[in-house]
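[1] need a structure here:
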Amino acid sequence: MRTKTLIASCIATLLTTASALAQAPAAPAGPQPFRVGTPLGSTNEAGQAMTMSSNVKVYGSFHFAESCTYDPTRNVIVAMNAGNAQTLAQNDGFASLINPDGSVHTSKWIGVTRDGLTLNHPLGSAIAGNTLYVADINTIRSFDLATGAPGRAVEIPGATILNGVAATADGTVYVSNTREPERIYKIAPNGTVSTFADGAPLALPNGVAIDPAGNVVVVNIGTKDVLTYSPAGQVVKTEQAAEAGNDGVVVLPDGTKYTSSVRFGSVSRIRPGQPAEVIATGIPSAASMCYDSKQNQLVIPLNPNNALAFIPLGRR
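    Got it, this is the predicted structure:
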């Protein structure tokens, strides 16, 4: 009898242990390798991966899109999305790839997973060579443009909100700090950080671009000024946009400048030696735009509207 009782007790213990193991949460997986998202598609009934057919267009894939930059190699627009606010979810930023007609190429390219990725609240972005540079709060992050893999991250001491970004072919980066201290920082190719421009006439500086002569062009949110700095950091030209509140700036190869007003929703064109003219209006929260050189169009993220605006520039 005692033997049967002992056997029954052992069986009960084994069953209890098995039940507990079955209900216990799985051990967390170890760090996974970084990967990027793929173009839109699905798996069919036969288990085959199918790329979305060319007769289908999907639009969207934005979550507080702040800046964009054009990748001529793939003929896509890289749209930076801040994602959720830091108070809700840290490390939630991502990059979408958008076709020149506004349809989605890859919904989440950088940011499809968080494995090996830190991208908290990306704002400005720029492409130079095979590198994507992104302003992320107080850090400039770089990504391989071909693979999306994260590269070097340079934290800028004293920065409060890094915003507009421009980069040269040798990897020199210029980035605005919009809030105090109102400043343009310079990051050398070796990662050394210095102050390029500080204080007035900067007034809530935002968009930054490089002109054909290698000068640094900056627009202010606080004034209509479009400032051109020499590589030595001296103001060599001051022009005026049609309206203040400018967030984005692009400079074409012929020297024509375009600015986008995040406050007043207009786009100004400044041809060399001519006053500014308004070419588009009523664009809500017109943020840091980019120039699509193949289609000859401006592309403007609309911040909380979670959209991109497209402005064709006509024949060249």
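[2] what residue is smack in the middle of this structure?
    The centre of the chain sits closest to Met80, judged by C-alpha atoms, centre = their mean, with a distance of 2.7 Å.
[3] Any idea what that residue is bridged to?
    Note on Met80: beta-bridge partners by DSSP bridges are Ser67, Ala95.
[4] OK, contacts around it?
    Contact analysis of Met80 by C-beta atoms under 8 Å, 6 or more residues apart in numbering lists 65-68, 93, 95, 122-125, 134, 301. Quick note: C-beta positions are derived from backbone N, CA and C, even for glycine.
[5] Nearest to Lys294 among those residues?
    Nearest to Lys294 among those is Cys68, at 14.4 Å by C-beta to C-beta.
[6] I'd guessed that closest one sits against Leu298; true?
    No: between Cys68 and Leu298 there is no contact under C-beta atoms under 8 Å: 9.9 Å.
[7] Next, show the common contact partners of these two.
    Joint contacts of Cys68 and Leu298 (C-beta under 8 Å, 6+ apart) are 289-290.
[8] need the helices for the stretch 101-250 of the chain, in chain order.
    Taking DSSP state H, counting those that start in this stretch, the stretch 101-250 of the chain contains no helices at all.
[9] mind showing which ranges of it have poor pLDDT?
    For the stretch 101-250 of the chain, no stretch is flagged by pLDDT under 70.
[10] what are the ranges of the strands in it?
    Secondary structure of the stretch 101-250 of the chain (DSSP state E, counting those that start in this stretch): strands located at 104-110, 122-128, 131-136, 139-144, 150-155, 162-167, 173-177, 183-187, 193-198, 205-210, 216-220, 225-229, 235-240, 246-251.
[11] what residues are up against Val267?
    The contact partners of Val267, taken as C-beta under 8 Å, 6+ apart, are 258-261, 278-281, 283, 286, 289, 298, 300, 311.
[12] let's go with 10 Å and repeat that
    With contacts taken as C-beta atoms under 10 Å, 6 or more residues apart in numbering, Val267 has the following neighbours: 241-243, 246, 248, 258-261, 277-281, 283, 286, 289, 298, 300, 309, 311.
[13] quick one: which of those residues sit in strands?
    Under the assignment DSSP state E, those contribute 246, 248, 258-261, 277-280, 298, 300, 309, 311 to strands.
[14] Pull the most distant pair out of those.
    Pairwise distances across those peak at 18.3 Å for Glu277 and Ala309 (criterion: C-beta to C-beta).
[15] who's more crowded, the two?
    For Glu277 and Ala309, the more surrounded residue by other C-beta atoms under 10 Å is Ala309, and the numbers stand at 22 against 11.
[16] coming back round to it: output the contacts of Met80 as JSON lines; include the columns distance to Thr160 and neighbour count.
    Below are the contacts of Met80 laid out as JSON lines (distance: C-beta to C-beta, whole Å; neighbours: other C-beta atoms under 10 Å):
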{"residue": "Ala65", "distance to Thr160": "22", "neighbour count": "27"}
{"residue": "Glu66", "distance to Thr160": "16", "neighbour count": "27"}
{"residue": "Ser67", "distance to Thr160": "18", "neighbour count": "29"}
{"residue": "Cys68", "distance to Thr160": "23", "neighbour count": "25"}
{"residue": "Gly93", "distance to Thr160": "18", "neighbour count": "26"}
{"residue": "Ala95", "distance to Thr160": "23", "neighbour count": "26"}
{"residue": "Pro122", "distance to Thr160": "16", "neighbour count": "27"}
{"residue": "Leu123", "distance to Thr160": "12", "neighbour count": "26"}
{"residue": "Gly124", "distance to Thr160": "14", "neighbour count": "28"}
{"residue": "Ser125", "distance to Thr160": "19", "neighbour count": "25"}
{"residue": "Val134", "distance to Thr160": "17", "neighbour count": "27"}
{"residue": "Pro301", "distance to Thr160": "22", "neighbour count": "29"}
